[in-house]
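> Sequence and predicted structure below; questions after.
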Amino acid sequence: MKTSKRVKLIGHKTLVDRDTGEEIPMQMNLVEDRDFNFHKVWLQHLIHSFDEIVNQKLKLAFWIIENLNKENQLVMTQRKIAEMSGISYQTVSRTIRLLAEGSPPFLQRINAGAYRINPDILFKGSHSNRMGICYEYIKTKEEKTRKKENSPIVNPESK
């Protein structure tokens, strides 16, 4: 995903130098960061269009996207996902693992029964809401990395 700067002319003002009293005409601009390079996708139509050619893993990925909350999360156990989606528990478990291990990962496990879609891949909502979700995504990623680094290494031969 890329961002760009957008410059918008607001108007003109006169700046007065306090020391000399000189009047300087100024142009007032507003600079905003903008997301771009997005495609509008009508997800429901896309899913129905691909329905006949996709496998169960891709169907599950689309199902997850359709069932996200406004925080880009799916709060549901894998068993419940299997029940609600009509896809076997084994396929749900395998697919969620694959989606979380991708590079970049599509799915982030928050805890048992809660997942977040990577907001750099997919997000529905405003720019400011996306920035908040990006912060939460990065924070969770850093916490998981810290836990991994601090976990003791168990030597299987010592058992």
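Perfect, thanks for sending it.
> Helix or strand next in line after the helix or strand harbouring residue 79, which one?
Residue 79 belongs to helix 78-85 when assigned by DSSP states H and E. Note on helix 78-85: by DSSP H and E, the next helix or strand toward the C-terminus is helix 89-101.
> and residue 111, bridged to which residues?
Residue 111 has these beta-bridge partners by DSSP bridges: residue 114.
> Can you get me a residue count around it?
By other CB atoms under 10 Å, the residues close to residue 111 number 8. Every residue, glycine included, has its C-beta placed from N, CA and C.
> Domains in this protein, by residue range?
The chain resolves into domains spanning 2-36, 55-147 when parsed by automatic domain parsing.
> where along this protein do the strands fall?
For the chain, the strands defined by DSSP state E cover 2-16, 23-36, 73-75, 107-111, 114-117.
> Comparing the ones you listed, which comes out most buried?
strand 114-117 (a mean of 21; mean count of other CB atoms under 10 Å).
> Tabulate the strands of the chain in JSON lines, adding columns for mean pLDDT and distance to residue 146.
Formatted as JSON lines, the strands of the chain follow (pLDDT from 0 to 100; distance: least, CB to CB, whole Å):
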{"stretch": "strand 2-16", "mean pLDDT": "77", "distance to residue 146": "28"}
{"stretch": "strand 23-36", "mean pLDDT": "79", "distance to residue 146": "29"}
{"stretch": "strand 73-75", "mean pLDDT": "95", "distance to residue 146": "21"}
{"stretch": "strand 107-111", "mean pLDDT": "93", "distance to residue 146": "15"}
{"stretch": "strand 114-117", "mean pLDDT": "94", "distance to residue 146": "18"}
